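Peer 1: Below: sequence and its predicted model.
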Amino acid sequence: MTVATDSPEPAVVEPALARRAWRAAEPLHGMIYFVPEAHERYAALGLSTRAGYFASRAAALGPVGAEPVTAAFFNFNPRLVAGALPAAWDRTTPAEVLAARLAAADAALTRALGDAVHGPEVAEAAGLARRAAESAAGRPQGRVLFAAHAALPWPEQPHLVLWQAQTALREFRGDAHVAALLLAGLTGLEALVLHAASGEVPERFLRRSRGWSEEQWAGAVDDLRRRGLIEGDEPVLSEAGRTQRDEIEAATDRLAAPAYAVLGTEGCARLTELARPLSRAIVAAGLLNLDNGAR
């Protein structure tokens, strides 16, 4: 990615507007972790579904081992990561995995969007998302996963530009979220337990997909209960837990907003408007089926 140097300093955008733009487009990126198109292409390279997940998301970093990936991904059991990396690089290369991932995104988006995949709305959304991603590339400090993805070459087709831009923006926000969690004094496992206690994502999915045992999960629940962040036999966030979670999300929003400042208020609103029907089509086509995730 390249960054324009002849444009004026972008104005500040309200974090809530940036968050809406990111959330509206997120299914366009997030589907890559669940669709059979990805699993099939990773399998052709000799990778299991789980190894394909770790290798594909980490491929932009190069043929790295488990330790930096565990650090960057934050909430996975280190033993789970070590089961996939660096062994994946004995079977394939980061370049081959990145090409497979892009081909999977092409096939899945085409399946879900049909003729609209080549429509003007996708092209316009791609232009806006790319501007945001390229602007964010001027702020890589402390955002290792984002910086690695920001260095990748751009594809030519607009729907793939949109996918890659949203992928980079997701990692920009994700790196910010990890920073906020660390400042809150949480481990990756504790962050997952609190996420489950919020009721937004089922515990079973989070625990299974991140590789934590029932005993490890129960130990984190006990620790968080003693700290007053969760309560109840079926753990839910306490008032203190809700307050902390709100503070973490607000910090993440503040740290992610600079990527969207180049779009301004109108650009953020337009990206949100364009992305919503595309993301709804992704959901309607079943591309976000959690049961198809890494396992």
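Peer 2: Received, thanks. This one's a predicted model, so the numbers in the text were calculated from it and none came from an experiment.
Peer 1: Was I right to think residue 21 contacts residue 273?
Peer 2: No - checked against Cβ atoms under 8 Å, the pair residue 21 and residue 273 is beyond contact range at 9.5 Å. C-betas here are computed from N, CA, C, even on glycine.
Peer 1: Pretty sure residue 12 sits in a helix.
Peer 2: No - remark: residue 12 does not belong to a helix; assigned using DSSP: H, G, I helix; E, B strand; the rest coil, it is coil.
Peer 1: in this structure, which spans are strands?
Peer 2: For the chain, applying DSSP state E gives strands covering 230-231, 236-237.
Peer 1: got these as JSON lines, with mean pLDDT, mean neighbour count and distance to residue 98 columns?
Peer 2: What follows is the strands of the chain, written out as JSON lines (pLDDT from 0 to 100; neighbours: other Cβ atoms under 10 Å; distance: least, Cβ to Cβ, whole Å):
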{"stretch": "strand 230-231", "mean pLDDT": "96", "mean neighbour count": "20", "distance to residue 98": "39"}
{"stretch": "strand 236-237", "mean pLDDT": "97", "mean neighbour count": "18", "distance to residue 98": "38"}
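Peer 1: Look up how far residue 126 lies from residue 177.
Peer 2: Taking Cβ to Cβ, to the nearest Å as the measure, residue 177 falls 24 Å from residue 126.
Peer 1: same deal with residue 84?
Peer 2: From residue 84 across to residue 126, the span is 31 Å (Cβ to Cβ).
Peer 1: So those two - more neighbours on which side?
Peer 2: residue 126 (25 against 21; other Cβ atoms under 10 Å).
Peer 1: OK, contacts around the more buried one?
Peer 2: 158, 159, 161, 162, 165 (Cβ atoms under 8 Å, 6 or more residues apart in numbering).
Peer 1: ok, now which ones touch the residue lying closest to residue 28 once chain neighbours are set aside?
Peer 2: Counting by Cβ to Cβ, 6 or more residues apart in numbering, residue 28 lies nearest to residue 166, which is 5.1 Å off, once chain neighbours are set aside. Contact analysis of residue 166 by Cβ under 8 Å, 6+ apart lists 25, 26, 28, 29, 129.
Peer 1: and what of residue 72?
Peer 2: When contacts are counted by Cβ under 8 Å, 6+ apart, residue 72 touches 58, 61, 144, 145, 175, 178.
Peer 1: ok, residue 98 - how many residues close by?
Peer 2: Residue 98 is flanked by 17 other residues according to other Cβ under 10 Å.
Peer 1: same question but for residue 198, I mixed them up
Peer 2: Taking other Cβ under 10 Å as the neighbour definition, residue 198 ends up with a count of 14.
Peer 1: phi, psi of it?
Peer 2: Main-chain dihedrals, residue 198, degrees, to the nearest 10: phi -70, psi -20.
Peer 1: Quick check: beta-bridge partners of the residue nearest to it when sequence neighbours are not counted?
Peer 2: With Cβ to Cβ, 6+ apart as the criterion, residue 198 has its nearest non-adjacent residue at 5.7 Å, and that residue is residue 237. Beta bridges link residue 237 to residue 230, judged by DSSP bridges.
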